[in-house]
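Asks: Model the structure of this input:
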Amino acid sequence: MSSIATAAKQPKPFSTRKRVNRRILRFSILIGAIATVLSVILYAATVYPAVRECQATNQRALSEISCVGSTCDTSSYTTDWSIGGSDYIIDTDTRLIIDVPSYAANPITFAPLDYSDTEFITRFGRPASYTSIDGEVWRLYSRQKQVDGEMFEIIVGCGLKVPWRMFETPPSLLPDIDMGLRNVGDRIAASLANGRASVNQGRTAGEADGFEVVSARSQRVQSWGPWLPMLFPKDKPFPPAGTRPYVDRGKVSIVQADTNGRLLAVSLIPLGSVYWLALLIGFTFVSSTALTWFLSRKFLRNYFAVSGLPAITIEEASRIGEGQNVEFKRALSEDDAKAGNAEEELLKSIAAFANTNDGNIFIGIDDFGRVKGLNLDFKQRDRLEQKIRQLVRNRIKPLPPMQITFEDVSGLCVARICVARGDATAYMMNGVIYVRYGSSDVQAQPDDLRRLMAEYAF
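Replies: Numbers count the residues shown, from 1 in each chain. From the prediction side, this is the model:
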């Protein structure tokens, strides 16, 4: 058989490299994905204590509020500055919003609860007193403001009788309070035109204790702070109790919702921006994938070259006999003085397959394909494998991709050496290059050498 005809049938180093690189890439991506998932789990584990703390805070806040019928006692919660209250607290029966985060502190808010009943707000087109279900007395005033075609409801309030104020405001001050509320409402309306709603932080006599700006169309709160009485719209659902992730305006949070009877408490644990978390996840995936790729190419290349090779059974090999992909060896002598020739022939076959095409070498089968077997226990199998690997390491350069396994056929042990077509320029045994022609391992001729060099260059 001519070397040209044989070369046309054999896999080229270039295609072998592509095959191995694809396997390494798939393995690296898998490891990168696993590393990313483990990183997310580890990060979640660090967040878990904060979730538990949030849950405890919610339960403590709810325990300090007592609601019976149409009334709620919030005095303990309102005056307990050590509690570090929940972000939202709502009485689900009366829909009174007992507490909300202050926009003045620029907190992360929970959009499903950022609503306020505009029907309630419009009741105070003229300043009027309002007694909430928790016994607080407020002076409230509301007005409207249209900005860029959208109508906003603005409500401001002053606490007349509240737990955190030592003295109840006398009726004689109501005219001054009403004038102050109108002035604050006008200032907030003017600030809306500039794209923001605000109120002075320092309160003077007659000015507002709290305010709220709500879209008249959607009832969504645009801004609020500090707190004043408000009702949650009747057509909006309450979030269920439990823990879940939440993304809003590019920020990721964990939402912890707890209930105690008719009361609902919701707190948020900020995790960071979507951009930075995505960047962190992406960096973890890319870096772990790249590291796995580098280490696999450096240390596991031969393993990936051998793994996934088309398997041929011993029965099939015995039926088709020795050939371009199959080689039989009766045995390797355990007598080192007599082992030289058998070892020599074995190493030639390994080098030839590595230079030519994928192949299987069966030790324990004679030249006629008859299974003779090897009389080896488990320890002897291990010694034989180590012996073959040591011979290959010492006498074939570079190290060819191969795998050694043992199979039992009708109670007889057969050793299989699976050799992959390597992607090196050439594999030399004692400085000599061998190639596979049919069932023979022959020393490469000039045409064979030119072919190997041309394939590697390609």
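Asks: mind checking which helix or strand of the chain has the lowest mean pLDDT?
Replies: helix 3-9 (a mean of 42; mean pLDDT, DSSP states H and E).
Asks: tell me how far the next helix or strand after that one is from the chain's mean position?
Replies: As assigned by DSSP states H and E, the chain's next helix or strand after helix 3-9 is helix 13-63. Relative to its chain's centre, helix 13-63 lies at 4 Å (C-alpha atoms, centre = their mean, to the nearest Å).
Asks: what about the nearest residue to Leu268 once chain neighbours are set aside, which SS state?
Replies: Leaving aside its sequence neighbours, Leu268 sits nearest to Ser253 (C-beta to C-beta, 6 or more residues apart in numbering; 4.5 Å). To be clear about C-beta, it is placed using only N, CA and C from the backbone, and glycine gets the same treatment. For Ser253, the assignment made with DSSP: H, G, I helix; E, B strand; the rest coil gives strand.
Asks: If Ser253 is in a bridge, with which residues?
Replies: Note on Ser253: beta-bridge partners Tyr246, Pro270, judged by DSSP bridges.
Asks: List the contacts of it.
Replies: Counting by C-beta atoms under 8 Å, 6 or more residues apart in numbering, Ser253 touches 108, 110, 245-247, 268-271.
Asks: if you set the cut-off to 7 Å instead, what comes out?
Replies: 108, 246, 268-271 (C-beta atoms under 7 Å, 6 or more residues apart in numbering).
Asks: which among those residues end up buried?
Replies: 108, 246, 268-269, 271 (16 or more other C-beta atoms under 10 Å).
Asks: Any chance of TSV for those, columns distance to Gly159 and pLDDT?
Replies: Rendered in TSV, the data for the buried ones among the contacts of Ser253 read as follows (distance: C-beta to C-beta, whole Å; pLDDT from 0 to 100):
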residue	distance to Gly159	pLDDT
Ile108	26	70
Tyr246	31	93
Leu268	26	92
Ile269	30	92
Leu271	35	89
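Asks: nearest to Phe368, of those?
Replies: Nearest to Phe368 among these is Leu271, at 70.3 Å by C-beta to C-beta.
Asks: For Ala111, see how far away that closest one is.
Replies: Using C-beta to C-beta, to the nearest Å, Leu271 is found at 16 Å from Ala111.
Asks: just Pro163 next, same as before
Replies: Applying C-beta to C-beta to Pro163 and Ala111 gives a distance of 29 Å.
Asks: if we can go back for a sec, just curious, which of the buried ones among the contacts of Ser253 is nearest to Glu212?
Replies: For those, the residue nearest Glu212 by C-beta to C-beta is Ile108; the value is 18.5 Å.
Asks: does that closest one sit in a helix, a strand or a coil?
Replies: Classified using three-state DSSP, Ile108 is coil.
Asks: Does it touch Gly250 like I think?
Replies: No - at 10.8 Å, Ile108 does not count as touching Gly250 under the criterion of C-beta atoms under 7 Å.
Asks: residues near Ser439, how many?
Replies: Neighbours of Ser439 under the rule other C-beta atoms under 10 Å: 15.
Asks: residue contacts, it?
Replies: 322-323.
Asks: Apply 8 Å and report the result again.
Replies: Residues near Ser439 by C-beta under 8 Å, 6+ apart: 321-324, 326-327.
Asks: and if you look at Asn58?
Replies: Residues in contact with Asn58, defined by C-beta under 8 Å, 6+ apart, are 86, 256-258, 265-267.
Asks: please redo it, this time with the cut-off set to 10 Å
Replies: 85-89, 241, 256-260, 263-267 (C-beta atoms under 10 Å, 6 or more residues apart in numbering).
Asks: For ChimeraX, write a command that selects the buried ones of those residues.
Replies: To isolate the buried ones among the contacts of Asn58 in ChimeraX, judged by 16+ other C-beta under 10 Å, type:
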select :85,86,87,88,89,256,257,258,259,263,264,265,266,267
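Asks: how about the contacts of Asn58, which pair is most distant?
Replies: Greatest spacing in the contacts of Asn58, by C-beta to C-beta: Gly85 and Ala241 (17.7 Å).
Asks: ok, Tyr115 to Gly250 distance?
Replies: Using C-beta to C-beta, one gets 21 Å for the distance from Tyr115 to Gly250.
Asks: now do Gly85
Replies: Taking C-beta to C-beta, one finds Gly85 at 26 Å from Gly250.
Asks: Which helix or which strand is home to Ile177?
Replies: Ile177 is part of helix 174-192, with elements assigned from DSSP H and E.
Asks: any idea how far that helix is from the chain center?
Replies: Helix 174-192 sits 50 Å away from the centroid of its parent chain (C-alpha atoms, centre = their mean).
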